[in-house]
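[1] What shape does this take:
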Amino acid sequence: MSAPEERYGDALEAAARHARQWLESQETRHVGPRVTAADLAADFGGPLPRDGTPAAEVVDYLATKAEPGLMAMPSGRFFGWVIGGTLPAALAADWLVSAWDQNAVLRYAAPAVSAIEEAAGNWLVGLLGLPEESDVGFVTGATMANFAGLAAARWRLMADAGWDLERDGLFGAPRIRCLVGRERHDSVDLALRYLGLGTPTPVPSDRQGRIIPAELERQLAEGSGPALVCLQAGNLHSGAFDPFAEAVRVAKDHGAWVHVDGAFGLWAAAVPGLSALTAGMDLADSWATDAHKTLNVPYDCGIVVVRDRTALRSSMGVHTSYLIQTGDGAGDPLETVPELSRRARGVPVWAALKSLGQAGVAGQVHRLAERASQLAEQLAALDGVEVLNDVDYTQVSLAFGDDATTRAVTARIIADGRVWMSGSRWR
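    Prediction:
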């Protein structure tokens, strides 16, 4: 069912007007939200009205009432978590994705989207220096990217151990040893939990959160059976990268599958000046990252890259008579993602890459790293401020004396509204 053309026109014009106002306010607005979700409950809740409301009025009401509860995440004054803004081409492409309303799981049903996403995947593999034979999937975020990569790992390790995972499931299967750096992101643990692989074994890390290869070697040598090693490109607090060349070599010596969680750090591979951080990363088996962080496409978009196409498509894919294939031998997007209906998330990625080009992506990532170093240098010169990490990439972690003072200063900064930064507990 579709609405009359004028209803689309009025609603879209209202949405475009509010979107422009929102984007134009980023330079001056209070960064944090001015009300809580509880404060807004009455505006958006209550009984569902008996009669409907014209679409343009719904959009006006939605934007006006929501505005006080919005965080200025696209702002250059927002330093919370690891959240980026949105490139103009990527934002506009995302609007088209919503208007096209394609279920992007089949090449037969959505040929334009499939061609666009395949091109974006090829560009990404080349840009990041990953193996040409790799398969690429566009998922909801880094958690699902980790999930898909680790699902491929589980399938391959089970198959190599002679276990039919599809037929027999996990009951009675060989146990996969999962080893992770002590300072890995929790999304890795979550993905392993989803996959029924249990709590991973932490490997000691250095002061900046980098896995220690000698400790990895010791723990792998102490056990036997299928092994899965998760490495990290970009520690949440320090921004540090695991020593890939040495850690991957150790893992491969023990027959382990190596997965890299690079939610924001994988993009360093696009910058020649940062190549020391990612040296040896291409020797892994699977990689996960976010496009809505460093590449700046709208939420939500994660990317999984897997060297072993068979493992990814065997772990994710499904085939039925009603899921019509093109017959040209090419795989469908549904074979690379954990879902049977999906938004065309790769289209804004294609638009972002097309608008930036190789030099633009490298320049964008380089500027992030450069500005992080400049910020750390300026803050470290202030009395009472301690920069806790070696700023090799994009993260800056600060302390203002003791914990109580740090919390107080952070709360005052947030209340002031000129900038916003998130707190955490590290070490």
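[2] can you give me the helices in the chain?
    Under the criterion DSSP state H, the chain contains helices at 5-24, 37-44, 55-66, 88-100, 111-127, 142-160, 165-168, 186-194, 213-222, 244-253, 275-278, 309-316, 346-380, 403-416.
[3] Determine which stretch of the ones you listed is the most buried.
    Ranked by mean neighbour count under mean count of other C-beta atoms under 10 Å, those are led by helix 142-160, which reaches a mean of 25. For glycine as for every other residue, the C-beta is placed from the backbone atoms N, C-alpha and C.
[4] ok, Ala72 - how many residues close by?
    Residues near Ala72, counting by other C-beta atoms under 10 Å, number 23.
[5] Could you pull up the residues touching the residue positioned nearest the centre of the chain?
    Geometric centre of the chain, nearest residue: Asp290, 2.4 Å, by C-alpha atoms, centre = their mean. By C-beta atoms under 8 Å, 6 or more residues apart in numbering, Asp290 lies in contact with 141-142, 145, 263-264, 301-303.
[6] Most widely separated two among these?
    Farthest-apart pair in the contacts of Asp290 is Phe264 and Cys301; separation 13.1 Å (C-beta to C-beta).
[7] re earlier: His259 is nearest to which of the helices of the chain?
    His259 lies closest to helix 142-160 among the helices of the chain, at 5.1 Å (C-beta to C-beta).
[8] quick one, that closest one and helix 309-316 angle?
    With axes from the mean of the first three to the mean of the last three C-alpha atoms, to 10 degrees as the basis, helix 142-160 and helix 309-316 are set at 110 degrees to each other.
[9] Quick one: distance of helix 142-160 to the chain centre.
    Relative to the centre of its chain, helix 142-160 is centred 16 Å away, using C-alpha atoms, centre = their mean, to the nearest Å.
[10] Ok, stretch 286-305 next?
    Using C-alpha atoms, centre = their mean, the offset of stretch 286-305 from its chain centre is 4 Å.
[11] got it, and stretch 368-379?
    Mean-position distance between stretch 368-379 and its chain equals 23 Å (C-alpha atoms, centre = their mean).
[12] Please save the CA atoms from it in PDB.
    Extracted C-alpha coordinates of stretch 368-379, given in PDB (Å, rounded to 0.1, in the frame of the first residue of the first chain):
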ATOM      1  CA  LEU A 368      41.600  12.200  13.500                       C
ATOM      2  CA  ALA A 369      44.900  10.800  14.700                       C
ATOM      3  CA  GLU A 370      46.800  14.100  14.400                       C
ATOM      4  CA  ARG A 371      44.100  16.000  16.300                       C
ATOM      5  CA  ALA A 372      44.100  13.400  19.000                       C
ATOM      6  CA  SER A 373      47.800  13.900  19.500                       C
ATOM      7  CA  GLN A 374      47.500  17.700  19.500                       C
ATOM      8  CA  LEU A 375      44.600  17.500  22.000                       C
ATOM      9  CA  ALA A 376      46.600  15.200  24.300                       C
ATOM     10  CA  GLU A 377      49.700  17.500  24.100                       C
ATOM     11  CA  GLN A 378      47.700  20.600  24.900                       C
ATOM     12  CA  LEU A 379      45.800  19.000  27.800                       C
END
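[13] picking that back up, a markdown table please, covering the helices of the chain and showing distance to Trp426 and mean pLDDT.
    Converted to a markdown table, the helices of the chain look like this (distance: least, C-beta to C-beta, whole Å; pLDDT from 0 to 100):
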| stretch | distance to Trp426 | mean pLDDT |
| --- | --- | --- |
| helix 5-24 | 33 | 91 |
| helix 37-44 | 28 | 96 |
| helix 55-66 | 33 | 96 |
| helix 88-100 | 31 | 97 |
| helix 111-127 | 31 | 97 |
| helix 142-160 | 19 | 97 |
| helix 165-168 | 37 | 94 |
| helix 186-194 | 14 | 96 |
| helix 213-222 | 20 | 97 |
| helix 244-253 | 22 | 98 |
| helix 275-278 | 20 | 95 |
| helix 309-316 | 34 | 96 |
| helix 346-380 | 15 | 95 |
| helix 403-416 | 11 | 91 |
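[14] picking that back up, any idea how far Val125 is from the residue nearest to the centre of the chain?
    Distance, Asp290 to Val125, using C-beta to C-beta, to the nearest Å: 17 Å.
[15] before we move on, what about Arg154?
    Distance from Arg154 to Val125, counting by C-beta to C-beta: 23 Å.
[16] cool, and Thr294?
    For Thr294 relative to Val125 (C-beta to C-beta), the value is 17 Å.
[17] ok, now Gly76?
    Remark: distance between Gly76 and Val125 (C-beta to C-beta) = 31 Å.
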